[in-house]
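Participant: Predicted structure and sequence below. I'll ask about it afterward.
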Amino acid sequence: MIKQLTTISLILFVSFIILISVDVTISSPVYNYNVTIKTSGSPKFESHQGKLKMNILYQSESGTSQEDFVLTPVDVKIEPNREYQSTIASFSPMANITSIYLRWTLASPYNPIYKIKKPVVYFDSITLTHINSDSAIHMTITQSRRYCSPVSPTAIKHADGNTFYPCV
C-alpha cells in the first residue's frame with residue numbers, strides 16, 4: 001500500500017514538473033528574422049568557399065543571453081560586393097538585441113598556406129528584418145535594423161570574428 005502511494009506521488013510530481021516546463025516553453029515567443037549580410041566591394045579580397053556564422057547577444061530577464069546560428073549550413077562562395085541572406089528564429093525581440101558577432105570559416109582550412117597567412121573577408125553591415133502579419137486587423141508590420149562595425153568595412157580573418165552594433 002505504501003509502495004503504491006509512493007509510486008502515485010512520484011508520478012504526480014513528475015507530471016507537475018512536466019506541466020511547468022511546457023507552460024514556460026509555450027509562453028516564450030519566437031521571432032523570425034530575415035538576415036542580410038553585405039560584403040564590401042572595396043578593398044578587394046579573394047573569393048573563398050566557406051560558411052557564415054553569427055551570434056546574437058541580447059538582454060533578457062535573466063541578464064545577457066546569446067544565441068548561435070550557422071547562416072550557410074552548406075558552404076557558399078564568399079565574394080566581394082555581395083549580399084548573403086538567411087532566416088533565423090530567435091527568442092529575442094529586435095529591441096533587446098544589443099549586438100551581433102559575425103564570423104566565417106573556410107570550407108577547407110587545411111591548406112598549408114593558411115598556416116602562414118589567414119585569408120580575410122571584408123564586411124559592410126548586417127540587417128535584421130522582422131515581418132509580423134496580424135490577420136485579425138489585416139495589418140503587416142515590418143521592422144528592420146542595421147548593424148555596423150565601428151570600422152567599415154571591417155576585415156575578418158578565417159575563424160575570427162567581429163562585433164556589429166545597431167547603426168543608422
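Facilitator: Structure received.
Participant: and stretch 79-92, which residues are buried?
Facilitator: In terms of neighbour count (16 or more other Cβ atoms under 10 Å), stretch 79-92 has its buried residues at 80, 84, 86, 88, 90, 92. C-beta here means a position set from N, CA and C on the backbone, and glycine is covered the same way.
Participant: how near is the first one to H48?
Facilitator: I take that to be P80. Note on P80: its distance to H48, by Cβ to Cβ, to the nearest Å, is 11 Å.
Participant: Same question for the fifth one.
Facilitator: Here S90 is placed at a distance of 27 Å from H48 (Cβ to Cβ).
Participant: and if you look at the second one?
Facilitator: Summarising the geometry, the distance separating Y84 from H48, computed by Cβ to Cβ, is 13 Å.
Participant: same check, this time on the third one
Facilitator: Between S86 and H48 the computed distance is 18 Å (Cβ to Cβ).
Participant: wait, is A159 part of a strand?
Facilitator: No - applying DSSP: H, G, I helix; E, B strand; the rest coil, one finds A159 to be coil, outside a strand.
Participant: after the helix or strand of the chain at the bottom of the mean pLDDT ranking, next one along is what?
Facilitator: Ranked by mean pLDDT, DSSP states H and E, the weakest helix or strand in the chain is helix 2-27, scoring a mean of 54. Next in sequence after helix 2-27, counting helices and strands by DSSP states H and E, comes strand 31-39.
Participant: tell me the pLDDT at Y147?
Facilitator: Looking at Y147, its pLDDT stands at 98.
Participant: and E83, bridged to which residues?
Facilitator: Beta-bridge partners of E83, counted by DSSP bridges, are K38.
Participant: Isn't it up against G41?
Facilitator: No - look at E83 against G41 with Cβ atoms under 8 Å: they stay out of range, at 11.3 Å.
Participant: so where's this protein shaky on pLDDT?
Facilitator: By pLDDT under 70, the low-scoring segments of the chain are 1-27.
Participant: All the strands of it, residue numbers only.
Facilitator: Taking DSSP state E as the criterion, the chain contains strands spanning 31-39, 48-60, 63-70, 76-78, 83-90, 97-106, 120-134, 139-148, 154-157, 161-167.
Participant: and the shortest one, what other elements does it pack with?
Facilitator: To tie it back to what came earlier, the one meant is strand 76-78. The contact analysis (3 or more Cβ pairs under 8 Å, 6 or more residues apart in numbering; DSSP states H and E) places strand 76-78 against strand 48-60.
Participant: List the buried residues for the strand it packs on?
Facilitator: Here strand 48-60 shows 48, 50-54, 56-58 as buried, counting by 16+ other Cβ under 10 Å.
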